[in-house]
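Peer 1: can't give you the sequence, but here's the structure:
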């Protein structure tokens, strides 16, 4: 956060540089089951963010010493690809992505019924293809849809969104310019049904009143994202029925892969 | 690529079909799977392409920066190619530094582009011996169902052809399109039971004895080749693959303009 830099990001009518009102989300697209190799997958666009998530498992736990005899662990790897940002990002994990991977793993582990799969690991891979602020929220949103797509028993889906402060005003779902020149950024993930907050971070400067207002914006937005996650899974379920019929015809003579 | 096991029943199935002149997915020997190429897929990249080759799904992006030319080529821009077999793409890909498979993939793609003279690197020199454009080609495998070489190569060519050199933001005048001289195309075939199959799926790769990638230009000239896997080809098979690659290459070239 660079504080109030005097860059004007909200006009006198309360309209932001991308034409949104302060409590308006960017256009969101969620698609489940987009990759074939993965056990489950999802693609999420939030504004100009493009994020893929894939799930493998429950499978043998690596590294071995992480294994828990009583339950499964969720291991998430969040990664930004080299050309996802303005200046090329050197491939491989950095301190930021290690931290994000950790908090997303923790958020997801809460919803997965880990006690069903002792000694195993549920591996979640998040790849940010194109970044425009809010990638960890897009990543977590995609990851929970991917877990559901993988058929892993879980308590609920986890929608995530960022709220923040720009030009002394609380705004929902910061874009890149607002993130760069804004005064605060609060990524949050919550199960709407129960109100359980699974991820919450903040940096910048907010008064308590501003934080409360931010939450007032976030809660209905999270409910919206949650509905879109569910819709994506329903569409996936409808489309699998028809898709499987046609592949069955083509590969009738092929022995089952899972045999 | 991934040296994963393949079940006996599947191996037998593929072999039996081949003996009957068939492939698992019903294609003929020299038929590619359906290809889709979406260029300008990533706005933050100077050029990008997402290529789907059947169920294989590869994303290639080009980033450009300014740096110093190599001492032995002071009047030329620099090309650097990197491939990541990210764990998302296959249960057998692991996180971490590039392994031999991703290095081979990157180098084969790099060679085809470099050796064909696809990019006019002299036009990417800004000041001789001091400043030039550096091209980073990054290849990401999102979903692996065989034949990464051709999917990645198509992606790299398509990304480069739609790549805009970001001169303005670097204070080097107006933006311009990547100077392109040639359109190389790679075609990969495998040998299974002495039958040559093009564009192998993952299952076909797993049972294949040998693999050959041939990169040709629009004149049908050879620009790069790479033989892989532990088996062998006969000289007739090699010639057959080259000939077919020229023909298939001219078809595939239409997809990348």
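Peer 2: Yep, that arrived. Values in this document were obtained by computation on a predicted structure and should not be read as measured data.
Peer 1: mind listing what residue B:181 touches?
Peer 2: By Cβ atoms under 8 Å, 6 or more residues apart in numbering or on different chains, residue B:181 lies in contact with B:117, B:118, B:119, B:120. C-betas here are computed from N, CA, C, even on glycine.
Peer 1: Same check on residue B:167?
Peer 2: B:173, B:174, B:175, B:176.
Peer 1: Tell me the one of the residues you listed nearest residue A:26?
Peer 2: residue B:175 (26.9 Å; Cβ to Cβ).
Peer 1: you'd agree residue A:60 is up against residue A:123?
Peer 2: No: counting by Cβ atoms under 8 Å, residue A:123 is not a contact partner of residue A:60; they are 10.1 Å apart.
Peer 1: Make sure residue B:23 is actually in contact with residue B:13.
Peer 2: No: using Cβ under 8 Å, residue B:23 is not in contact with residue B:13, being 11.1 Å away.
Peer 1: the more surrounded of the two?
Peer 2: Ranked by neighbour count (other Cβ atoms under 10 Å in any protein chain shown), residue B:23 and residue B:13 place residue B:23 first, with 20 against 17.
Peer 1: Please identify which helix or strand holds the more buried one.
Peer 2: Using DSSP states H and E, residue B:23 maps to neither a helix nor a strand.
Peer 1: Any chance of the backbone angles for the residue in chain B that chain A sits nearest to?
Peer 2: As assessed by Cβ to the nearest Cβ, chain A sits closest to residue B:61 within chain B, at 3.2 Å. Main-chain torsions, residue B:61, degrees, to the nearest 10: phi -130, psi 150.
Peer 1: If it is in a bridge, with which residues?
Peer 2: Counting by DSSP bridges, residue B:61 forms beta bridges with residue B:48, residue B:138.
Peer 1: Would you confirm that it contacts residue B:43?
Peer 2: No: taking contacts as Cβ under 8 Å, residue B:61 lies outside contact range of residue B:43: 10.5 Å.
Peer 1: how about chain B, which residue sits the furthest from its center?
Peer 2: What lies farthest from the middle of chain B is residue B:171; by Cα atoms, centre = their mean that is 32.5 Å.
Peer 1: Roughly how far does it sit from residue B:123?
Peer 2: Per Cβ to Cβ, to the nearest Å, residue B:171 is found 18 Å from residue B:123.
Peer 1: who's in contact with residue A:156?
Peer 2: So, once contact is read as Cβ under 8 Å, 6+ apart, residue A:156 ends up touching A:111, A:191, A:193, A:194.
Peer 1: before we move on, what SS does it have?
Peer 2: coil (DSSP: H, G, I helix; E, B strand; the rest coil).
Peer 1: gap between it and chain B?
Peer 2: 24 Å (Cβ to the nearest Cβ, to the nearest Å).
Peer 1: can you pull the pLDDT of that residue?
Peer 2: At residue A:156, the model reports a pLDDT of 97.
Peer 1: Without its sequence neighbours, what residue ends up closest to it?
Peer 2: Nearest residue to residue A:156 in three dimensions, chain neighbours excluded: residue A:191, at 4.7 Å (Cβ to Cβ, 6 or more residues apart in numbering or on different chains).
Peer 1: Tell me where the longest helix sits in chain A.
Peer 2: Assignment by DSSP state H gives helix A:208-250 as the longest helix of chain A.
Peer 1: Could I get the contacting residues of residue 106?
Peer 2: Defaulting to chain A. A:198, A:199.
Peer 1: Wait, chain B was what I had in mind.
Peer 2: Counting by Cβ under 8 Å, 6+ apart, residue B:106 touches B:81, B:82, B:83, B:98, B:139.
Peer 1: Now do the SS call for it.
Peer 2: Using three-state DSSP, the three-state assignment for residue B:106 comes out as helix.
Peer 1: Kindly provide the distance from the residue nearest to it when sequence neighbours are not counted to residue A:195.
Peer 2: Once flanking residues are discounted, residue B:106 sits nearest to residue B:83: 3.9 Å by Cβ to Cβ, 6+ apart. According to Cβ to Cβ, residue B:83 stands 44 Å off from residue A:195.
Peer 1: if you count what's nearby, which of the two comes out ahead?
Peer 2: Comparing residue B:83 with residue A:195 by other Cβ under 10 Å, the one with more neighbours is residue B:83, at 27 against 9.
Peer 1: quick check, the more buried one in a strand?
Peer 2: Yes: assigned with three-state DSSP, residue B:83 falls within a strand.
Peer 1: can you pull out the strands in the stretch 1-150 of chain A?
Peer 2: A:28-32, A:40-46, A:49-60, A:73-80, A:120-130 (DSSP state E, counting those that start in this stretch).
Peer 1: Residue B:61 and residue B:43: which is more packed in?
Peer 2: residue B:61 (29 against 12).
Peer 1: For the more buried one, list the residues it contacts.
Peer 2: A:81, A:82, A:83, B:42, B:45, B:47, B:48, B:137, B:138, B:140, B:159.
Peer 1: could you redo the last one with a cut-off of 6 Å?
Peer 2: Contact analysis of residue B:61 by Cβ atoms under 6 Å, 6 or more residues apart in numbering or on different chains lists A:83, B:42, B:45, B:48, B:138.
Peer 1: Buried residues in stretch A:139-157, which are they?
Peer 2: Applying a neighbour-count criterion of 16 or more other Cβ atoms under 10 Å in any protein chain shown, one finds A:139-150, A:152, A:154, A:156-157 buried in stretch A:139-157.
Peer 1: Where helices are concerned, which of these count?
Peer 2: Among those, the members falling in helices (DSSP H) are A:139, A:140, A:141, A:142, A:143, A:144, A:145, A:146, A:147, A:148, A:149.
Peer 1: Excluding chain neighbours, what is closest to the fifth one?
Peer 2: In other words, residue A:143. residue A:53 (4.3 Å).
Peer 1: What parts of the stretch 1-150 of chain A come near chain B?
Peer 2: Residues of the stretch 1-150 of chain A lying near chain B by Cβ under 6 Å from any Cβ of the partner chain: A:35-37, A:54, A:56, A:77, A:81-85, A:88, A:91, A:125, A:127, A:130.
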